[in-house]
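Colleague: quick one, structure for this:
(one chain, ligands or ions: 3)
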Amino acid sequence: MQIRQPIVAVLGHVDSGKTSLLDRIRGTGVQGREAGGITQHIGASFLPTETIKEMCGPLYKKLEQSENKVPGILVIDTPGHEVFTNLRSRGGSAADIAILVVDVNRGFQPQTNESLKILQSRKVPFVVALNKCDQISGWRKSETPFITQAIKEQDASIQTDLDQKIYDVVGTLSILGYKSEAFYRVEDFKSEIAIVPISARSGVGVPELLSVLVGLTQQYLQKRLDQDEKEPRGIVLEVKDEVGLGQTANVILIDGSIKKENSIVVAKRDAVIVTKPKALLLPKPLDEMRDPRDKFKPVPQIDAAAGFKIASPELEGVLPGSTLYVAKNTEEIAKYTKLIESE
Ligand code: GTP
Ligand code: MG
Ligand code: NA
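Modeller: Ligands and ions are numbered 1, 2, ... in the order given. Prediction:
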């Protein structure tokens, strides 16, 4: 069995720290360059196994023993601002698993609930990252990257305070129909949502967050990630005219492969377009697609899961959120055209 990278969506209320968390993992500074510090687009970036290994440290040993080792992760950053419901849904619909980011001092907020509904309606499993632990009043900064150790180093009153904040989340989730617990108390990861206290700012808890996430993926999502007999399929995030490239679409390839000589079949407002890509462009690992440090690289083929750019003059008018199909021959073109027309 060959499993692909899981697509991990990061969702949550505005300013809970979604982009900061990804910056911390990638070693990037995307958040600092956003207008007003607000995310306004869906982003995507590839985290190679090397990065996950480095981040998890000794916790990676156990993950490495799995028969279904994930070949990296594709993370999707979404905006938390209330006006971007459609972008959150788009991010959620591409996701295999999600990180729901909650500000530890604020608890559940309106777009936390909204994000949860998106995950619920699509049956996307998730873990809760209880972020900004460094902002808990009286929290003592420590050197360790592991939250279990950092908690031990806090005064008893701070430990109680954190426990209370965790139980507030457990209470809220229980009203919404979920059983949850601090990850170090979870007995059955299949039936309980794991809550991982973290600080995107200091990085504490990120090793545990990633190892819980990867562990869940390797254990419970193999079937979904297995690429055997999966039809190639993507989702269009954004369509825009770019200097030097012309019309482009940012796409997440969810399953299968796309080659430059293949045809893409995708809906426009009132037509189906069939076109061959002028170019397939892949961002560098760890680069955020919407704010890359390096140029995208032209490639002959892309394998799922991946965020990439297609250049083609025909893409004008394609609606973001549309499913993109990949056809190898005229029969497949006819099949997918019919499928889109019947939707
Ligand atoms: P939107 O995408 O706009 O919804 O926001 P976001 O969830 O991506 O949050 P973002 O990363 O923009 O962080 C919001 C603010 O919180 C920024 O000023 C961050 O520096 C700050 N922040 C994020 N994580 C932490 C943390 O762990 N500790 C502290 N102290 N500040 C944090
Ligand atoms: Mg953001
Ligand atoms: Na923000």
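
Colleague: mean confidence score for the helix or strand hosting Q111?
Modeller: Using DSSP states H and E, Q111 falls within helix 110-121. Here helix 110-121 scores 97 as its mean pLDDT.

Colleague: check stretch 284-303 too.
Modeller: For stretch 284-303, the mean confidence score works out to 96.

Colleague: likewise stretch 154-164?
Modeller: 98.

Colleague: run the chain-centre distance for that stretch.
Modeller: Here the centre of stretch 154-164 is set off from its chain's centre by 31 Å, with Cα atoms, centre = their mean, to the nearest Å.

Colleague: about what we covered before: which parts of the helix holding Q111 are buried?
Modeller: Buried positions in helix 110-121, judged by neighbour count with 16 or more other Cβ atoms under 10 Å: Q111, T112, E114, S115, L116, I118, L119. C-beta here means a position set from N, CA and C on the backbone, and glycine is covered the same way.

Colleague: touching, the third one and R88? I think so.
Modeller: Yes: applying Cβ atoms under 8 Å, one finds E114 in contact with R88, separated by 6.9 Å.

Colleague: so can I have CSV of the buried residues of helix 110-121 showing distance to I158?
Modeller: Listed next are these as CSV, based on distance: Cβ to Cβ, whole Å:
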residue, distance to I158
Q111, 28
T112, 23
E114, 31
S115, 28
L116, 27
I118, 33
L119, 30
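
Colleague: if we check ligand 1, which of these are in contact?
Modeller: The subset of the buried residues of helix 110-121 lying close to ligand 1, counting by Cβ under 6 Å from any ligand atom, is empty.

Colleague: of the residues you listed, closest to ligand 3?
Modeller: Taking Cβ to the ion as the measure, ligand 3 lies nearest Q111 of those, at 11.4 Å.

Colleague: give me the nearest residue to the closest one, chain neighbours excluded.
Modeller: In space, not counting the residues next to it along the chain, Q111 is nearest to H13; the distance is 4.2 Å by Cβ to Cβ, 6 or more residues apart in numbering.

Colleague: who's in contact with T337?
Modeller: For T337, the contact set (Cβ atoms under 8 Å, 6 or more residues apart in numbering) comprises V265, V272, V274.

Colleague: most neighbours, which of the residues you listed?
Modeller: Neighbour counts for the contacts of T337, by other Cβ atoms under 10 Å, peak at V265, which reaches 23 neighbours.

Colleague: burial check on Q227, number of neighbours?
Modeller: Neighbours around Q227, by other Cβ under 10 Å: 16.

Colleague: my guess is it meets Q2, correct?
Modeller: Yes: the criterion here is Cβ under 8 Å, and Q227 meets it with Q2 at 5.3 Å.

Colleague: OK, now which residue of the stretch 101-250 of the chain is nearest to ligand 2?
Modeller: Closest point on the stretch 101-250 of the chain to ligand 2, by Cβ to the ion, is V101, at 9.3 Å.

Colleague: from ligand 1, how far off is that residue?
Modeller: Separation of V101 from ligand 1 (Cβ to the nearest ligand atom, to the nearest Å): 6 Å.
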